[in-house]
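# pasting the sequence and the predicted model now:
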Amino acid sequence: MRHPVSMTAFGRGEFKSDNRQWAVEIRSVNHRFCDISIKMPRKYAALEDKIKKTVGAVFARGHIEVSISQTAGGTQTAKITTNLALAREYRHALQDLQKHLQLTRSPTLRLLAEYPGIITQEELEEDLEEVSGEIDFALRQALAGCLQMREDEGQALKEDLLSRLAEFNAVVSSIEDKIPALVQQKKMALKERLAKLLEGIDLDPARLAQEMAIMADKSDVTEELVRLKSHIQQFHSFMDDTKPVGRRLDFLLQEFLREINTMASKINDTETIHKTVELKNQAEKLREQIQNLE
């Protein structure tokens, strides 16, 4: 299977024979874990665990609803029997009532049939192994269709995510290009401010330069930018992974936001602050899209 894949998909499969016809439909939507629910005729409930294992081996995440129905045909699954002796007893009792109560109408067949025990239905045992094989045939068709749709949606999401990531990276690069000038401006502003505050006070120039460097360093976001660019590279590597990446990307985007928030708290430049806000908005959009990935 190609990754990343979407968690939203639909698949349908069918099985037809002279005896039975089955239809299996699979609907998959977003979910934090792998949650499988199965709807099928109650008399085949013994097959549910096997079906869940088959589906669970295919999907890592998502709410997967499997609907199994017998669409047409079918072998005879019930035997109808009549209790003639009991029917005669009911008939004799009704005739006695008619005679002693002087009723004009005789007991009808419909009336007799409504009494318990006259007509009974007995369920016949089916070969569950045979039924299981038929359902499995339709199930695997539905799984194949669902997987194909997941892959197609996943590739569309991948293209969209990479496009958004390229825009995100461009903003990061523009901030990175401006940082040296911002740090220098910060140093100059600090120097001017300290010169006014310390006018007439004799201080060690080396110590003063050291303190200025420390204060300027507090506004330097180079480390955050390095980590952020490393996260961007990780994002690209996850996009080419052969395993489910949804949870890992979700965690990675949390780290994106952490670095952006740290940068925003350090930078005191209007234009750059606006860019960090833009980065945060783009990271949130990336994270929204990632919620659709397995």
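In hand now; what should we look at?
# now His92: phi and psi?
phi -60, psi -40 (degrees, to the nearest 10).
# quick one: the strands in the stretch 51-200 of the chain?
Ranges of strands within the stretch 51-200 of the chain are 62-73, 78-82, 119-123, based on DSSP state E, counting those that start in this stretch.
# out of the ones you listed, which is the most enclosed?
With neighbours taken as mean count of other C-beta atoms under 10 Å, those reach their highest mean count in strand 62-73, at a mean of 18. In short, each C-beta sits where N, CA and C put it, glycine included.
# rewinding a little: in TSV: the strands of the stretch 51-200 of the chain, plus distance to Ala264.
Below are the strands of the stretch 51-200 of the chain laid out as TSV (distance: least, C-beta to C-beta, whole Å):
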stretch	distance to Ala264
strand 62-73	35
strand 78-82	71
strand 119-123	69
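# select, out of the ones you listed, the one closest to Glu25.
Among these, the nearest to Glu25 by C-beta to C-beta is strand 62-73 (4.6 Å).
# same for whichever strand or helix holds Leu286, what does it pack against?
If you go by DSSP states H and E, Leu286 is part of helix 270-290. Counting contacts by 3 or more C-beta pairs under 8 Å, 6 or more residues apart in numbering; DSSP states H and E, helix 270-290 is packed against helix 128-197, helix 246-266.
# quick one: buried residues of it?
Thr272, Lys275, Thr276, Glu278, Leu279, Lys280, Gln282, Ala283, Lys285, Leu286, Arg287, Ile290 (16 or more other C-beta atoms under 10 Å).
# repeat that for stretch 151-170.
Glu151, Glu153, Gly154, Leu157, Lys158, Leu161, Leu165, Phe168, Asn169.
# so the fifth one touches Asp241, yeah?
Read it as Lys158. No - between Lys158 and Asp241 there is no contact under C-beta atoms under 8 Å: 11.0 Å.
# what touches both of the two?
Pro4 (C-beta atoms under 8 Å, 6 or more residues apart in numbering).
# okay, the angle between the host helix or strand of Glu224 and helix 246-266?
Following DSSP H and E, the helix or strand that holds Glu224 is helix 222-239. Interaxial angle of helix 222-239 relative to helix 246-266 (axes from the mean of the first three to the mean of the last three C-alpha atoms, to 10 degrees): 160 degrees.
# with that, I have no additional questions.
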